[in-house]
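S.K.: need a 3D model of the sequence below.
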Amino acid sequence: MNSTSNRDGKECELNNPCEVDSTGTVVHRGRGYATQTAAIAGCIGSGNVVDLKRQGCTLPKP
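M.R.: Numbering: from 1, shown residues only. Have a look, this model is predicted:
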């Protein structure tokens, strides 16, 4: 899991993530965010290269 939180209430900078939608930017001081990264492992091929065409890779394709 990759995670971060907005520590200082600052807007959209390192260690201070924000949320952006059609109405603009919202900052929630103290809110934590996390993203599961386990699916990346299925896309790592020979030589530790990311291969989105690799069998078992479930990451979204561009």
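S.K.: for the helix or strand hosting residue 20, give the mean pLDDT please.
M.R.: Using DSSP states H and E, residue 20 falls within strand 19-21. Mean pLDDT, strand 19-21: 89.
S.K.: neighbouring strands of it in the sheet, and parallel or not?
M.R.: strand 24-26 (antiparallel) (DSSP bridges).
S.K.: ok, then the element right after the partner strand?
M.R.: Toward the C-terminus from strand 24-26 - assigned by DSSP H and E - lies strand 32-35.
S.K.: buried residues, that following strand. List them.
M.R.: By neighbour count with 16 or more other C-beta atoms under 10 Å, strand 32-35 contains no buried residues. Backbone N, C-alpha and C define where each C-beta goes, glycine included.
S.K.: and it, what does it pack against?
M.R.: Contact partners of strand 32-35 among helices and strands, from 3 or more C-beta pairs under 8 Å, 6 or more residues apart in numbering; DSSP states H and E: strand 2-5.
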